[in-house]
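S.K.: I'd like to go over a predicted model; first the sequence, then the structure.
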Amino acid sequence: MSDGVAQICGVDELRQVYDQPAETVTKKILDRLDAHCRRFIALSPYLTVASTSANGTDCSPRGDEPGFVRVVDDRTLLLPDRRGNNLLDTLQNVLARPDVGLLFLVPGLTETLRVNGKARIVTDPQVLQSMAIKGKIVPSSAMEIAVEQVYFHCGRSILRADLWNPDKRVGRDAFPMLGTVLADQVAGVDAEATNKRLEIAYTTALY
């Protein structure tokens, strides 16, 4: 880029702006899930999955009851793929390039857990059945993640955001419903009809 904006183009330049990390920070990166990591994942109802391919990058949300991500062993996770919009961005990226990054959050806790590894899409009937909701709503697939790096991230960002403060929650009237947004963004979308469909989906078709 030649827009005249000052920028950093190398690691040496980067380190002129930022200090070296503390020794404990560099040593905290594990290659497997210990008891603390397992406990955090068991408490977590929400995570994001970052993936990439030749077509670009993607970061997708995943959420369910706490512990919905299964710890198979200290190097393996299973993430069920629940009902969504069927764009399949993450799954298609995994097929092209298996590298993924997961960020686990637990409401009320300031720390987050980061897991990097390689994923594959599994459809083994026994595996999927074991992740069924109420024993009958079976996921179409699951991502099996081979853990390569795992570490806790300090809580500064969540503390700065005051993320879990109930007094900071935004009211529903602060932002339009998704159907209204889509009607402004996509030609031919009926806002009222789309909002009604979404309301039904949110209340009766989560799974």
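M.R.: Alright, I've got the coordinates.
S.K.: which residues touch the residue nearest the centre of the chain?
M.R.: Among the residues of the chain, the one closest to the centroid is residue 48, at 0.7 Å (Cα atoms, centre = their mean). Contacts of residue 48 were listed using Cβ atoms under 8 Å, 6 or more residues apart in numbering, and they are 59, 60, 61, 62, 102, 103. Heads up, the C-betas are built off the backbone N, CA and C, glycines and all.
S.K.: top of these by neighbour count?
M.R.: residue 102 (24 neighbours; other Cβ atoms under 10 Å).
S.K.: which element is it on?
M.R.: strand 99-105 (DSSP states H and E).
S.K.: how about residue 149?
M.R.: Assigned by DSSP H and E, residue 149 falls within strand 142-153.
S.K.: can you name the element that comes right after that strand?
M.R.: That would be, after strand 142-153 and using DSSP H and E, helix 156-161.
S.K.: got the buried residues for the next helix or strand after that following helix?
M.R.: Counting by DSSP H and E, the next helix or strand C-terminal to helix 156-161 is helix 178-185. Using 16 or more other Cβ atoms under 10 Å as the test for burial, helix 178-185 gives 179, 182, 183.
S.K.: and these, which is closest to residue 21?
M.R.: Distance to residue 21 across the buried residues of helix 178-185 (Cβ to Cβ) is lowest for residue 182, with 42.7 Å.
S.K.: now the closest one: closest residue in space that isn't a chain neighbour?
M.R.: residue 189 (4.7 Å; Cβ to Cβ, 6 or more residues apart in numbering).
S.K.: list the contacts for that neighbour?
M.R.: Counting by Cβ under 8 Å, 6+ apart, residue 189 touches 179, 182, 183.
S.K.: look up how far residue 174 lies from it.
M.R.: Distance, residue 189 to residue 174, using Cβ to Cβ, to the nearest Å: 22 Å.
S.K.: next secondary structure after the helix or strand of the chain with the lowest mean pLDDT?
M.R.: Ranked by mean pLDDT, DSSP states H and E, the weakest helix or strand in the chain is helix 23-27, scoring a mean of 88. The helix or strand immediately downstream of helix 23-27 is helix 35-43, counting by DSSP H and E.
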